[in-house]
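# here are the coordinates; sequence isn't available:
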């Protein structure tokens, strides 16, 4: 019984990502900004559609779904925030929240595999596409998000989608 309660508590903690709003959209004045979990889901959908056959889909999807889990504790930091301890803080948060995925998180953070590099580009592609969605439904100027996305997305197909 205790084990089941512990598992439930662990799962509920992970699901808190659904309550963490994307700080950049909040600061830009988006009325109903997506959550960090919605962003991760968006990346996973993009991965299902765009993942090159030579990459391991399971690894790609794992990175999409876990890369922002530390934000449950650390928060969603933007380039405007103090990021001096970001890596250490996120590592500690991941170790606390989901130690079973710590190695995958560290591999993604190092960006030393083709899968990690692809997911990093999906991260920005999702942000860029979301900027288009928000711009089309509001009068907000979100070009800074599009420029940021284009500065990272180097894959020709992914860049064309921006």
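Right, received. Where do you want to start? Everything quoted here is computed from the prediction, not taken from an experiment. Numbering: from 1, shown residues only.
# run through the neighbouring helices and strands of whichever helix in the chain runs longest.
In the chain, with assignment by DSSP state H, the single longest helix is helix 114-136. Contacts defined by 3 or more C-beta pairs under 8 Å, 6 or more residues apart in numbering; DSSP states H and E place helix 114-136 against helix 23-28, helix 36-50, helix 57-66, helix 102-110, helix 143-152, helix 156-161. The C-beta positions use only the backbone N, C-alpha and C, and glycine is treated the same way.
# now the fifth one and helix 114-136, what's the angle there?
Helix 143-152 and helix 114-136 meet at an angle of 160 degrees, taking axes from the mean of the first three to the mean of the last three C-alpha atoms, to 10 degrees as the criterion.
# average pLDDT across helix 143-152?
For helix 143-152, mean pLDDT is 95.
# return the set of buried residues in it.
145, 146, 148, 149 (16 or more other C-beta atoms under 10 Å).
# now for these: which two are most distant?
Farthest pair in those (C-beta to C-beta) is 146 and 148. Separation: 7.2 Å.
# what stretches of the chain score poorly on pLDDT?
Applying pLDDT under 70 to the chain flags residues 1-2.
# picking that back up, quick one: the buried residues of helix 143-152 as CSV, columns for distance to residue 118 too.
Converted to CSV, these look like this (distance: C-beta to C-beta, whole Å):
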residue, distance to residue 118
145, 20
146, 20
148, 18
149, 15
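# just those residues now: which is nearest residue 87?
Nearest to residue 87 among the buried residues of helix 143-152, with distances taken as C-beta to C-beta, is residue 148, at 19.4 Å.
# for residue 77, which of the helices and strands packed on helix 114-136 is the nearest?
helix 23-28 (7.1 Å).
# ok, residues contacting that closest one?
Helix 23-28 is contacted from outside by 33-34, 75-78, 80-81, 127, 130, 134, 140, 142, 145, using C-beta atoms under 8 Å, 6 or more residues apart in numbering.
# in it, what counts as buried?
Counting neighbours by 16+ other C-beta under 10 Å, helix 23-28 gives 23, 24, 25, 28 as buried.
# what comes up buried for stretch 29-48?
For stretch 29-48, the buried set under the neighbour-count rule, 16+ other C-beta under 10 Å, comprises 30, 33-44, 46-47.
# err, stretch 68-75, not the other one
Buried, per 16+ other C-beta under 10 Å, within stretch 68-75: 68, 69, 70, 71, 72, 73, 74.
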